[in-house]
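1. show me the folded form of this:
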Amino acid sequence: MPTGKLIDGKAFAATLRAQIAVDVAALKASHGVQPGLAVVLVGEDPASQIYVRNKAKQTVECGMKSVEHKLSADTPEADLLALIDTLNADPTIHGILVQLPVPKHIDADKIIAAIRPDKDVDGFHPMNAGLLATGGKALVPCTPLGCSLLLKDHLGDLSGKHAVVIGRSNIVGKPMAQLLLQESCTVTVAHSRTKDLPAVCREADIVVAAVGRPEMVKGDWLKPGAVVIDVGINRIALPDGKSKVVGDVDFASAAPVASAITPVPGGVGPMTIACLLKNTLTACQRSVGL
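-> Alright, predicted model coming up:
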């Protein structure tokens, strides 16, 4: 497969982080303020621990203040809500992120709603969801924001293109559809109940797969020349007992058909953390009236 067809999220994210670092330095120089990100991790989920570690490292590399709160898995919901109240009131913290999933005894929706919308750098608060849907100044969920940046970088103007988003989650599918609508795409949101999903996909100029099913989207589902953004991160077992990470798109069959495609890993993943830093910078800039 020609390498020109690969959308390199890792390289794009590195460029974005470098620009964020420049903007952070400028903000410190002009307003004497340093963006601060607080990440809260409840419990010992191994994937979450790696993710939080990467976030903290990249936050510091961009010149931001990084604060981590690691709570035990049996932390009462009331204690977590009290911590969020403290962070909401802290003027040095501009972004608050509670790493999901949280333990079963904690209501994730209640936690998300407790975060001040202007500090909700995950973009999950109902107010930010509403602002995004109505074209207001929202903080946008990081993964769809990253996908949107990659698409605009690769295609330029998206207007008039038909985009199919597979998956209707509040974290990726729905906000992705809203962002594509803002770019004047015609948007179809497909999901597990969609009749003849392959036929729906074959109509699309842009396919965003965010369904959490390994290698579900096959090459013969695609219109030749479509641009494919694969949000999926699935670990599958191999016959030799090892495992590998694959996306929601069957890369081997899709890559020859698509005009461009994101790899997994190295596509959307690195963009998610870069966009978290971008949101933290945005929240800080807004806090000083920029």
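2. residues in contact with the host helix or strand of Val228?
-> Element membership of Val228 [criterion: DSSP states H and E] is strand 227-230. Outside of strand 227-230, the residues within contact range by Cβ atoms under 8 Å, 6 or more residues apart in numbering are 7, 147, 150-151, 154-155, 205-209, 217, 222, 247-249, 251, 254, 258-264, 267-268. No exception for glycine: its C-beta is placed from N, CA and C like everyone else's.
3. for Arg17, give its distance to Gly269.
-> For Arg17, the distance to Gly269 equals 14 Å [Cβ to Cβ, to the nearest Å].
4. more neighbours: which of those two?
-> For Arg17 versus Gly269, the count of surrounding residues by other Cβ atoms under 10 Å is larger for Gly269: 22 against 18.
5. got the buried residues for whichever strand or helix holds the more buried one?
-> Assessed by DSSP H and E, Gly269 sits inside helix 268-287. Neighbour-count burial for helix 268-287, with 16 or more other Cβ atoms under 10 Å as criterion, is recorded at 268-285.
6. go on, stretch 248-264?
-> Applying 16+ other Cβ under 10 Å to stretch 248-264 flags 248-251, 254-255, 257-264 as buried.
7. tell me the mean pLDDT over that stretch?
-> Averaging pLDDT along stretch 248-264 yields 97.
8. what of stretch 105-115?
-> On average, the pLDDT along stretch 105-115 is 98.
9. and that stretch, how far from the chain's centre?
-> Distance of stretch 105-115 from its chain centroid, counting by Cα atoms, centre = their mean, to the nearest Å, is 19 Å.
10. let me see the residues that make contact with it.
-> Contacts of stretch 105-115 (Cβ under 8 Å, 6+ apart): 42, 75, 77, 80-81, 84-85, 88, 96, 98, 100-102, 120, 122, 124-126.
11. by contact count, what packs against whichever helix or strand comes after the strand holding Val228?
-> Where DSSP H and E defines the elements, the next helix or strand beyond strand 227-230 is strand 234-237. Secondary-structure packing of strand 234-237 (3 or more Cβ pairs under 8 Å, 6 or more residues apart in numbering; DSSP states H and E): strand 243-246.
12. thanks again, I'm all set now.
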